[in-house]
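Visitor: Provided below for reference: sequence and predicted model.
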Amino acid sequence: MKNFPVRTARWSARHPWRAIAGWFLFVALCLGAGIAVGGNPATSEDYRVGEAGRAEAMAAEGGLQQRPLERVLITAKPGAPLETEAADAAARDITERMRQLPEVRSVGSPVPSSDGKALRIDVTMKGPELDGKKHVDPLLAQTAEVQKAHPQVRVEEVGGPSIGKGVDKLRGDDLARTEMIALPVTLLTLLLVFRSFAMAVVPLVLALTSIVSAVGLSMLASHAFPDAGVGTNVILLIGLAVGVDYTLFYLKREREERARAGGRLSPHAAVELAAATSGRAVVVSGLAVAASSATLYLVDDVIFSSIATGTVVVTLVAVVSSLTVLPALLAVLGERAERRARRKAESAARKTGRTREPRASRKARTGGGVTGALLRGVARRPAATLAAGTLALIALSAPLLGINLTDMGRETHSRTIPVMQTYDRLNAAYPELKAMHQVVVRAEPGQSGEVASALSELAGRARADSDTTGAGAPVTSPDRRITLVELPVPHHVSSTEAQRSLDRIRTVHLPATLERLSGAEGAVTGDVARYADYPEHQKSKLPLIIGTLLLVTFGMTVWAFRSVVLGLIGVVLNLLSAAASLGVLVLTFQGTWAEGLLDFNSTGSIGSRVPLFLFVILFGLSMDYQVFVISRIREMVQRGVPTRQAVIDGIGSSAGVVTSAAFVMVTVFASFAALHLIEMKQIGFSLTVAVLIDAFIIRIVILPALMLLLGDRVWWPTRFRGGRPVTDPEPESPRTVTVG
């Protein structure tokens, strides 16, 4: 496996058109297979966590599970009073129309609001709760028809299915806009790096084809790990970043080898040299990202499983593309560039009578710049630089101590979604519908009457707490084993009152009820319980994920460089980078000072999925830079350069490509920070900050300072003899071919 990148690149460069055709055939087969087999979307059962999930499973066992529910709201036109006759006529019309739809299970009687200014009709749909948004269009169409037929009143529809549909549409529109921004900026960045349109297009094409392949493969993978609907978003986010990065690493090294040879190296030999160095770094980086991302499976959550699947698949596909089709493209482009350069040289020789050194060669010997100045400062005072950089990151991490993790409930969705404005009007007219507790009890069939009576008493005690209002009659399953009662909560799920009422029911009222029921089992679910249990589930998994990530990062670094010290350095630096990024996120989003700047309304909290996602993705992506930079340093040490000089020269020579790669990632992630959905915005923002910190503070300031202070001890336990690691076998050398 050590020389696999070289052998693969050699074959690809010698048979470029076969490799190119094979790649596009692979892309077509992946997408075709995915479309043919189809995806496997997650079901309601896949989302169950905590006590709320246990209660939902009990309710489903008795056929009392949540159904997709839509509510038609009839109110007066703005500035006018509600006409009772017009409202009643609209209510009769919508009731009759909805009952005729095959998607509808039942239609409730019209319910007036307490102030008489609104009328609502509850419409329960058939099928599982999550399937509602797939079948809600006919209901929305009938509501629109009733609005046309009754212009004297305002007729609107809102519910879980219509809100889900509206959120999906906004997400799709945002992602389309993101692509329109990210792709041109990425192309412009690559044009500035390579000053060649052909070279700039290659990374973008390979990234996009890798994304297409990964979409198809993820559809196949969803039959093992159900898709929660976020897989494609993650593939786009990560695929564009790592796809461009891996190609960029490879391309820059190939150009450097050609420039160093001054035109005396054939395109095929340059490709092989790039494969022997950057090719191996890409393999290690890709495996590190995939291994880090796979730790998300340990969360035991369908959303994170989807994220893991998308990230692992697109990363491995990007590695495959850089090892197979990229060398072929480089060989073809290199031969064409060589012919053009030869023609220019011959033309210049005829005009001037002398040849000139290739421009790339002259440029390869120049150095300096901001990075050079920074590195010279680090080299002069490594201890002071290390202390200053570390203290700065610790200071940025400080707000993390006050992090408040919550699930992002419906009330956090952007009001640019029209249905969310209806949601606000519904809650204003019927505050008792803001949230709901569902108390579920399982007992022997002969106890059903006793259970129903006990739950009625529980509802009475809960009403006395003032945080709940009213209660429905207990409902018993056909087999009389499961009984459920609903308790309306006139507060949003994120409010202190709602959380307090949940705690009282779980710790006081339900235990008191179960004490009277021999052998009975009970649990509480509903909107408030889901909101509370999901973040707790994430928090409980966070130590396991972080511990596993640290082991993976340590193991991958030791495996790649045979250095325990570098493994420990990688762990510490990744923790610093992730903590600082989360600290900046908390400082920005839990307060209100940045609302106008980033276009969001602060919830005073961070989405419960964000820290886990950030830790895992950042730990993987930071390995890209670490592997690439340390590989350069290690190469020089192997050639006999002292470690101190190798650190300065290695980081200096790789700084340009690391900066360019970081800029591409920042472009992609920052475009996600412009999304309307608050959790996606937080993810995009935190990843943007993380990449900036990792590329410009960790890799250019703290890492070189640490390595300079440690000197040769940084390679322990590997020992170097004559510039070569004693423990390393002799690698296969690329077959260098010069051109005369």
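Guide: That came in fine, so what should we check first? Quick caveat: nothing in here was measured; it's all calculated off a predicted structure. Numbering: from 1, shown residues only.
Visitor: Tell me which helix or strand in this protein has the weakest average pLDDT.
Guide: helix 359-364 (a mean of 42; mean pLDDT, DSSP states H and E).
Visitor: Can you list the low-confidence ranges for the stretch 451-600 of the chain?
Guide: For the stretch 451-600 of the chain, no stretch is flagged by pLDDT under 70.
Visitor: what about the strands in it?
Guide: 475-476, 482-489, 521-526 (DSSP state E, counting those that start in this stretch).
Visitor: And L329, how close does it get to V657?
Guide: 18 Å (CB to CB, to the nearest Å). All C-beta spots, glycine's among them, are computed from the backbone N, C-alpha and C.
Visitor: Need the residue closest to the centroid of this protein.
Guide: V234 (4.9 Å; CA atoms, centre = their mean).
Visitor: Once you drop chain neighbours, what's closest to that residue?
Guide: By the measure of CB to CB, 6 or more residues apart in numbering, the closest residue to V234 outside its immediate chain neighbours is G310, 3.8 Å from it.
Visitor: Mean neighbour count and distance to R67 added to the strands of the stretch 451-600 of the chain, as TSV?
Guide: Listed next are these as TSV, based on neighbours: other CB atoms under 10 Å; distance: least, CB to CB, whole Å:
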stretch	mean neighbour count	distance to R67
strand 475-476	18	12
strand 482-489	24	12
strand 521-526	22	14
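Visitor: Tell me which of those strands approaches F249 most closely.
Guide: strand 521-526 (48.9 Å; CB to CB).
Visitor: by how many degrees do the closest one and strand 482-489 diverge?
Guide: 40 degrees (axes from the mean of the first three to the mean of the last three CA atoms, to 10 degrees).
Visitor: for strand 521-526, packing partners?
Guide: For strand 521-526, the packing partners by 3 or more CB pairs under 8 Å, 6 or more residues apart in numbering; DSSP states H and E come out as helix 50-61, strand 435-442, helix 510-515.
Visitor: ok, that strand: who's next to it in the sheet?
Guide: Using DSSP bridges, strand 521-526 pairs in its sheet with strand 435-442 (antiparallel).
Visitor: Off-centre distance for the strand it pairs with?
Guide: 33 Å (CA atoms, centre = their mean, to the nearest Å).
Visitor: Equivalent analysis for stretch 667-682, please.
Guide: With CA atoms, centre = their mean, you get 10 Å for stretch 667-682.
Visitor: circling back: need the contact list for the residue nearest to the centre of the chain.
Guide: 306-307, 310-311, 314 (CB atoms under 8 Å, 6 or more residues apart in numbering).
Visitor: Flag the shaky bits of the stretch 151-300 of the chain, pLDDT-wise.
Guide: In the stretch 151-300 of the chain (pLDDT under 70), the answer is 261-263.
Visitor: and the helix or strand V313 falls within, C-alpha only, in PDB?
Guide: For V313, the enclosing helix or strand under DSSP states H and E is helix 302-323. Once non-C-alpha atoms are left out, helix 302-323 reads as follows in PDB (Å, rounded to 0.1, in the frame of the first residue of the first chain):
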ATOM      1  CA  VAL A 302     -30.100   8.900  12.600                       C
ATOM      2  CA  ILE A 303     -29.100  12.500  11.700                       C
ATOM      3  CA  PHE A 304     -25.500  12.000  12.700                       C
ATOM      4  CA  SER A 305     -25.400   8.600  10.900                       C
ATOM      5  CA  SER A 306     -26.500  10.400   7.700                       C
ATOM      6  CA  ILE A 307     -23.800  13.000   8.200                       C
ATOM      7  CA  ALA A 308     -21.200  10.300   8.800                       C
ATOM      8  CA  THR A 309     -22.300   8.400   5.700                       C
ATOM      9  CA  GLY A 310     -22.200  11.400   3.400                       C
ATOM     10  CA  THR A 311     -18.800  12.600   4.700                       C
ATOM     11  CA  VAL A 312     -17.100   9.200   4.600                       C
ATOM     12  CA  VAL A 313     -18.400   8.400   1.100                       C
ATOM     13  CA  VAL A 314     -17.600  11.800  -0.500                       C
ATOM     14  CA  THR A 315     -14.100  11.900   1.100                       C
ATOM     15  CA  LEU A 316     -13.100   8.400  -0.100                       C
ATOM     16  CA  VAL A 317     -14.500   9.200  -3.600                       C
ATOM     17  CA  ALA A 318     -12.400  12.400  -3.600                       C
ATOM     18  CA  VAL A 319      -9.300  10.400  -2.700                       C
ATOM     19  CA  VAL A 320     -10.000   7.900  -5.500                       C
ATOM     20  CA  SER A 321     -10.400  10.700  -8.000                       C
ATOM     21  CA  SER A 322      -7.000  12.300  -7.000                       C
ATOM     22  CA  LEU A 323      -5.200   8.900  -7.300                       C
END
